[in-house]
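Asks: Predicted model and sequence follow; I will ask about them next.
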Amino acid sequence: NSRGTASLLKDSISFTEVSASGLFEGHDLLRRGFTSVKNELLPSHPLELTEKNFQLNQDKTNFATLRNIQGIHAPLKLQMEFRAVKQVQRLPFLHSSNMAMDILRGNDECIGFEDILNDPSQSEIMGEPHIMMEHKLGLL
């Protein structure tokens, strides 16, 4: 009986089951929008999964080629730079193009589908700045 009742309660009930962000959290309609059954289903076409993972597969191929040509230090340095660039972000309610990531990947001179049809001024996801910051900081 040296453990006490507080430690017994702590062992039997995990905190994630009780918290608002745990297993019993409801769907937040204001932040995430309406749920769609289509997103939960398996890909409808065999190439859909490949297209979703295209950038990841391309990065793996580039890292393997870079490792074979220059050695292990080159892909490790590039991965470290990718992580550093991903950590720098604007506030969650401001659109960020992440130009540094495009430069590292070599996409800064390419015009793609998302460059033309991804206008942030026409976005339906823009939310209340105070609520989005409180959510990011874990206050909500």
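Replies: Right, received. Where do you want to start? Numbers count the residues shown, from 1 in each chain.

Asks: tell me the centre residue of the chain?
Replies: The residue lying closest to the centre of the chain (CA atoms, centre = their mean) is residue 86, at 9.8 Å.

Asks: Not counting sequence-adjacent ones, nearest residue to it?
Replies: residue 101 (7.0 Å; CB to CB, 6 or more residues apart in numbering). Any C-beta I mention is one placed from the backbone N, CA and C, and that applies to glycine too.

Asks: Which strand or helix spans residue 55?
Replies: helix 54-70 (DSSP states H and E).

Asks: what comes up buried for the helix or strand just after that helix?
Replies: Using DSSP H and E, the helix or strand that directly follows helix 54-70 along the chain is helix 73-87. Within helix 73-87, the residues that count as buried by 16 or more other CB atoms under 10 Å are 75, 78, 85.

Asks: Just the CA atoms of stretch 70-77, as CSV, please.
Replies: C-alpha atoms of stretch 70-77 as CSV (Å, rounded to 0.1, in the frame of the first residue of the first chain):
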residue,chain,number,x,y,z
GLN,A,70,28.7,12.4,-53.4
GLY,A,71,28.5,10.2,-50.3
ILE,A,72,26.4,10.0,-47.2
HIS,A,73,27.0,13.6,-46.0
ALA,A,74,25.2,15.2,-49.0
PRO,A,75,21.7,13.7,-48.4
LEU,A,76,22.1,14.2,-44.6
LYS,A,77,22.9,17.8,-45.0
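
Asks: Which residues outside stretch 68-81 are in contact with it?
Replies: 63-64, 66-67, 104 (CB atoms under 8 Å, 6 or more residues apart in numbering).

Asks: Residue 116: which of those is nearest?
Replies: Of all the contacts of stretch 68-81, residue 104 has the smallest distance to residue 116: 22.2 Å, by CB to CB.

Asks: Per-residue pLDDT of residue 15, please?
Replies: For residue 15, the pLDDT comes out at 45.

Asks: picking up where we left off before, which of the contacts of stretch 68-81 are buried? Put it as a ChimeraX command.
Replies: Buried residues among these (16+ other CB under 10 Å), as a ChimeraX selection:
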select :66
